[in-house]
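J.: sequence first, then the predicted structure:
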Amino acid sequence: MIQNKPYYIKGRGITLEEQLSHIFTAYEQNRVTVRLVFFGNPLNNKDYLSHLKLITQFVYHYFKDQPPVFSYVAQPSLEESLVMEVVELIPESGMQVFYKRWKDIPYIIAESSKIKRLFLGGVKADTYEINIRQQSDEIFSKLEEIISFEEMPISSIIRQWNYIEQIVRVTNGHQNYQDFNESRARFYDKASWVNGYPAATGVGSCCAGVMIDLDAFHPVSSGVEVLALNNSWQVPAHGYSPCVLIGTSDVRTGLKTTPKFERGKLVYWENKGLVYVSGTAAIRGEESLKNVGIVEQTRITLENIEHLISKEILSEAGVENASGAQLHSMRVYLKDEALFEPAKQIINEKYEALPSVYLKGDVCREELLVEIEGFAYMDLEGSKPDNTRLL
């Protein structure tokens, strides 16, 4: 049984080196660590690269020749200066974990007789001196090379985290997020998505261009199901009408391409399941809830997530005897640091004990103040609960 359950370690100290020292002193490796994500506050690209160099030194010093994939996201934590997200793996019987590298990109393969999984992190273009569309095209080309080398279909991508510098900025009629969407759509057009597009988050970073983290999941035997989850309260993002898409049409197609992701993806077998909850905001139908404030937007966002992982939606997806899924971790992205306290108060009414991190990052629409993503676990009715940390 494989599940994802991130947890968070918050740095202490004045300098970045002090914060990293505290984090790695506090960290205890319980399982096979496959992913680390660091959230920090670089001032510019030069500062970002300096931070990333130091982070890289700490990761390789700790893990030696078996490092997890890792990324540094230019999003300040609203609670501490530096936060590290940890994702661990408990291999099932017969599973092997391989630490690999494609050119200069490290990645991890976890493989058994049932499944093959790919973990990638921190994939960027070779330079920030090109525009968002060009960076995105280069990144997707790198992803395609790695996935092809591993003989996994592009459609095995099950979860993507897309970090886009100044995501809602419009330059000469081109919005950064829309330019990214055009590039993603061209890449995805190479595959047949019979089980739906990946779950995804697209959020803004303060610098460092475009970066992608991803998980790919490829069943190689029967008994493992991968399903798309649609929220009946929301239009699927890939079904949006042109009126909610910002920027000029793609010069290659003459169209504006919709964001290609599902509201969630479910993997389940042996009476248990993992739900990847995509970045979710206060959208009903395809329209944002405007002028209602952070408290109401946070409430609606949580309602959308709870509906997505409800018994009703899981049953509609084809899961029999589902009693619903339970959130086990979340990231909360907020447009401004002044929104932190009221958003946290609403979230703590239900989820105070949940591993979580609060980050400052633009959401993909100007009017949206908060976006929340997470992981949830599902037990079919009558199965024994499992509260261990698994991936």
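T.: Done, it's in. Residues are numbered from 1 along each chain as shown.
J.: which residues of the stretch 251-391 of the chain fall in helices?
T.: 293-308, 311-316, 340-351 (DSSP state H, counting those that start in this stretch).
J.: I'd like those helices written out as TSV, with mean pLDDT and mean neighbour count added.
T.: For every residue, glycine as well, the C-beta is placed using N, CA and C. Below are those laid out as TSV (pLDDT from 0 to 100; neighbours: other CB atoms under 10 Å):
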stretch	mean pLDDT	mean neighbour count
helix 293-308	97	19
helix 311-316	92	18
helix 340-351	97	16
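J.: and of these, who's closest to Thr127?
T.: Closest approach to Thr127 among the helices of the stretch 251-391 of the chain is made by helix 340-351 (34.0 Å; CB to CB).
J.: about what we covered before: and Lys190, which of the helices of the stretch 251-391 of the chain is closest to it?
T.: The nearest among the helices of the stretch 251-391 of the chain, by CB to CB, is helix 293-308 at 27.9 Å.
J.: which other residues reach that closest one?
T.: Applying CB atoms under 8 Å, 6 or more residues apart in numbering, the set of residues contacting helix 293-308 from outside is 229, 231-234, 263-264, 275, 277, 280-284, 289, 292, 313, 327, 334, 339, 342-343, 346-347, 350, 368-372, 374.
J.: from the chain's centroid, how far away is that helix?
T.: The chain centroid and the centroid of helix 293-308 are separated by 19 Å under CA atoms, centre = their mean, to the nearest Å.
J.: and the angle from that helix to helix 340-351?
T.: On the basis of axes from the mean of the first three to the mean of the last three CA atoms, to 10 degrees, helix 293-308 is oriented at 30 degrees to helix 340-351.
J.: which element follows the helix or strand hosting Met84 toward the C-terminus?
T.: Secondary structure assignment for Met84, by DSSP states H and E: strand 83-89. Next helix or strand after strand 83-89 toward the C-terminus (DSSP H and E): strand 96-102.
J.: got the buried residues for that following strand?
T.: Using 16 or more other CB atoms under 10 Å as the test for burial, strand 96-102 gives Trp102.
J.: ok, then the element right after that strand?
T.: strand 105-111.
J.: now do the next helix or strand after that following strand and strand 105-111, the angle between them.
T.: Later in the chain than strand 105-111, the nearest helix or strand by DSSP H and E is strand 115-124. Angle between the axes of strand 115-124 and strand 105-111 is 170 degrees (criterion: the same axes, to 10 degrees).
J.: show residues contacting the helix or strand just after strand 115-124.
T.: Next along the chain after strand 115-124, taking DSSP H and E as the criterion, comes helix 132-149. Contacting residues not belonging to helix 132-149 are listed as 102, 105, 107, 118, 120, 123-126, 128, 130, 153-154, 156-157, 164-165, 174, 176, 179-180, 182-184, 186-187, 190, 209-212, 214, 216 [CB under 8 Å, 6+ apart].
J.: could I have the buried ones of those as ChimeraX selection syntax?
T.: Applying 16+ other CB under 10 Å to the contacts of helix 132-149, the buried members can be selected in ChimeraX as follows:
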select :102,105,107,118,120,123,124,125,128,154,156,157,164,165,174,176,179,180,182,183,184,186,187,209,210,211,212,214,216
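J.: returning to that earlier point: I'd like the helices of the stretch 251-391 of the chain as CSV, with distance to Val170 appended.
T.: Converted to CSV, the helices of the stretch 251-391 of the chain look like this (distance: least, CB to CB, whole Å):
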stretch, distance to Val170
helix 293-308, 23
helix 311-316, 35
helix 340-351, 26
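J.: closest to Ala74 out of these?
T.: Across the helices of the stretch 251-391 of the chain, closest to Ala74 is helix 340-351 (CB to CB), at 18.0 Å.
J.: the closest residue to Lys114 other than its chain neighbours sits in which helix or strand?
T.: The shortest distance from Lys114 to any non-neighbouring residue, by CB to CB, 6 or more residues apart in numbering, is to Ser221 (4.9 Å). For Ser221, there is no host helix or strand (DSSP H and E).
J.: what is the burial count for Ser221?
T.: 10 (other CB atoms under 10 Å).
J.: ok, it touching Lys116?
T.: No. At 10.4 Å, Ser221 does not count as touching Lys116 under the criterion of CB atoms under 8 Å.
J.: mind checking which of the helices of the stretch 251-391 of the chain is nearest Glu225?
T.: helix 311-316 (11.5 Å).
J.: so what touches the closest one?
T.: Leu229, Asn230, Asn231, Ser232, Leu266, His307, Ala322, Ser323, Gly324, Ala325, Met378.
J.: out of the residues you listed, which comes closest to Ser81?
T.: Ser81 has its nearest neighbour among the contacts of helix 311-316 in Ala325, at 33.2 Å by CB to CB.
J.: SS state for the nearest residue to Ser136 once chain neighbours are set aside?
T.: Spatial nearest neighbour of Ser136, excluding adjacent residues (CB to CB, 6+ apart): Ser183 at 3.5 Å. What DSSP: H, G, I helix; E, B strand; the rest coil gives for Ser183 is helix.
J.: need the contact list for Ser183.
T.: Ser183 neighbours (CB under 8 Å, 6+ apart): Arg133, Ser136, Asp137, Phe140.
J.: for it, give me the pLDDT.
T.: As predicted, Ser183 sits at a pLDDT of 96.
J.: please apply the same query to Gly247.
T.: What the model reports for Gly247 is a pLDDT of 57.
J.: follow-up on the earlier one: select from the contacts of Ser183 the one having the most neighbours.
T.: Busiest of those [other CB under 10 Å] is Ser136, holding 26 neighbours.
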